[in-house]
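Visitor: could you look at this predicted model? Sequence included:
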Amino acid sequence: MPEPAAPNRAATAAKIAANPAAYKVCEGCDSIVGSGTSLCPNCHGYRFDPASERVVHQARILGSREQTSVTADDLN
């Protein structure tokens, strides 16, 4: 059974779910990015799903588990 996510991930997910119009989901890696993003910083994908329902759903998934992807911050 996976361990609960860190509190900051859950808080960030709640913030995103409260304002889904400001975000969209990358169709390449399922990351949530700002609505003004044109290139995913994680996978360099350029296809996004801006539907509020999808953003809220993905935020709940990501907020309830540990981070599994490598981000640019991890490489520094």
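Guide: Looks like it came in fine.
Visitor: tell me the phi and psi of the most centrally placed residue in the chain?
Guide: The residue lying closest to the centre of the chain (C-alpha atoms, centre = their mean) is Ile32, at 2.8 Å. Ile32 adopts backbone torsions of phi -100, psi 130, taken as degrees, to the nearest 10.
Visitor: so for it, what's the pLDDT?
Guide: Looking at Ile32, its pLDDT is 95.
Visitor: what's near enough to touch the nearest residue to it once chain neighbours are set aside?
Guide: With C-beta to C-beta, 6 or more residues apart in numbering as the criterion, Ile32 has its nearest non-adjacent residue at 5.2 Å, and that residue is Tyr23. Placement of C-beta: from N, CA and C, glycine included. Contacts for Tyr23 (C-beta atoms under 8 Å, 6 or more residues apart in numbering) come out as 16, 32-35, 55, 59.
Visitor: Tyr23 bridge partners, please.
Guide: Gly34 (DSSP bridges).
Visitor: how near is it to Asn76?
Guide: Distance of Tyr23 to Asn76, given as C-beta to C-beta, to the nearest Å: 24 Å.
Visitor: again, but for Pro20
Guide: In this structure, Pro20 and Asn76 are 29 Å apart, going by C-beta to C-beta.
Visitor: got it, and Arg47?
Guide: Distance, Arg47 to Asn76, by C-beta to C-beta: 27 Å.
Visitor: Glu53 now?
Guide: 34 Å.
Visitor: over to Leu62?
Guide: 21 Å.
Visitor: looking at these two, which is more packed in?
Guide: Higher neighbour count among Leu62 and Asn76: Leu62, with 22 against 5, using other C-beta atoms under 10 Å.
Visitor: quickly find the element holding that one.
Guide: Assessed by DSSP states H and E, Leu62 sits inside helix 52-63.
Visitor: other SSEs contacting that helix?
Guide: Contacts defined by 3 or more C-beta pairs under 8 Å, 6 or more residues apart in numbering; DSSP states H and E place helix 52-63 against helix 7-18, strand 23-26, strand 32-34.
Visitor: among these, which is nearest Asn42?
Guide: Asn42 lies closest to strand 23-26 among the helices and strands packed on helix 52-63, at 7.1 Å (C-beta to C-beta).
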